[in-house]
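Visitor: Requesting a structural model of the entry that follows:
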Amino acid sequence: MIELLKTFLFLFSVIDPIGSVPVFIEATKHFGKEEKRKIAYRSTFTAFLILLFFITAGQGMMNIMQISLDAFQISGGIILFLFALTMIFGEGKPEEEKHLIKDYRHVTVFPIAMPSLASPATIMTVVIITDPNTHPLLDQFYTMCIAAFVLAIACLLFLSAQSIQKKIGESILTVLSKIMGLILASFAVQSVLTGVKDYFY
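Guide: Residues are numbered from 1 along each chain as shown. Next comes the predicted model:
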């Protein structure tokens, strides 16, 4: 149960559905209520398919390229830490990803599904925590379910995006996103330490 909770917090921090709400609002501002609802469903489902691919095939790709899990944990942890720093000290996830919107006709995939939900950091995370050599198939299934659960939360937040923004404001959402960055930074450092320890011992 503790491991499941840890995985949930890890994925919730890196996917950061709260920080994606302002991105969704900006990306769908030209659409009606019904179309926004469809975009919420489609974007979260697309993000899930992307993560599902890397959960099931990520380690196989690493094996083909002869990349050890230890090396990936260290490099992935460093990248996750840098990503967390941008969440903490940068403009914040919402503002950075709003700038990515160039074509409002195709916002379902870019930037909502990717990189807002299924970011490179999220992809690296699911690969790190689903190593078939150290995690049985059941653990990978649990990771898949937890990822789906976090994305379901994101979908619910998207469906209530306007009321959420009115009640708590975009500045609070940015602060919450930075808190997620702090949690992610801790997980990232732990990933590096685990990779170094396993490599040498």
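
Visitor: list the contacts for the spatially most central residue of the chain?
Guide: Among the residues of the chain, the one closest to the centroid is I15, at 2.2 Å (C-alpha atoms, centre = their mean). With contact set as C-beta atoms under 8 Å, 6 or more residues apart in numbering, I15 has these partners: A47, L117, A118, S119, T122, A147, V150, L151, A154. Where C-beta positions appear, they are placed from N, C-alpha and C, glycine not excepted.

Visitor: one more time with 10 Å, if that's ok
Guide: Going by C-beta atoms under 10 Å, 6 or more residues apart in numbering, I15 touches 47, 51, 116-119, 121-122, 125-126, 147, 150-151, 153-154, 180, 184.

Visitor: Next: T143.
Guide: With contact taken as C-beta under 10 Å, 6+ apart, T143 is in contact with L4, T7, F8, F10, L11, L51, I55, T125, V126, I129, T130, H135.

Visitor: State the phi and psi torsions of it.
Guide: phi -60, psi -40 (degrees, to the nearest 10).

Visitor: so what pLDDT did it get?
Guide: As predicted, T143 sits at a pLDDT of 90.

Visitor: same thing with K38?
Guide: What the model reports as pLDDT for K38 is 95.

Visitor: any idea which element it lies in?
Guide: Following DSSP states H and E, one finds K38 within helix 33-64.

Visitor: Mind jotting down where the helices sit in this structure?
Guide: Secondary structure of the chain (DSSP state H): helices at 2-15, 17-27, 33-64, 69-89, 93-98, 120-128, 137-159, 161-200.

Visitor: ok so, going back, how about the helix holding K38: buried residues?
Guide: Across helix 33-64, burial judged by 16 or more other C-beta atoms under 10 Å covers 36, 39-40, 43-44, 46-48, 50-51, 54-55, 58-59, 62.

Visitor: What distance do you get for I25 to L80?
Guide: Noted for I25: a distance of 26 Å to L80, by C-beta to C-beta, to the nearest Å.

Visitor: Which residue of these two possesses the greater neighbour count?
Guide: Higher neighbour count among I25 and L80: L80, with 27 against 19, using other C-beta atoms under 10 Å.

Visitor: For that one, which non-adjacent residue is closest in space?
Guide: A188 (3.7 Å; C-beta to C-beta, 6 or more residues apart in numbering).

Visitor: my read: the one you found touches S75, true?
Guide: No - using C-beta atoms under 10 Å, A188 makes no contact with S75, being 11.1 Å away.

Visitor: where do the contact lists of those two overlap?
Guide: In contact with both A188 and S75: M124, using C-beta under 10 Å, 6+ apart.

Visitor: of those two, who's got more company?
Guide: Using other C-beta under 10 Å, the more surrounded residue of A188 and S75 is A188, with 26 against 16.

Visitor: can you pull the contacts of that one?
Guide: By C-beta under 10 Å, 6+ apart, the contact set of A188 is 10, 13-14, 76-85, 121, 124-125.

Visitor: Selecting buried members of those in PyMOL, what would you type?
Guide: Per 16+ other C-beta under 10 Å, the buried members of those correspond to this PyMOL selection:
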select buried, resi 10+13+14+76+77+79+80+81+83+84+121+124+125
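
Visitor: what separates stretch 70-87 from the chain centre, distance-wise?
Guide: Stretch 70-87 sits 13 Å away from the centroid of its parent chain (C-alpha atoms, centre = their mean, to the nearest Å).
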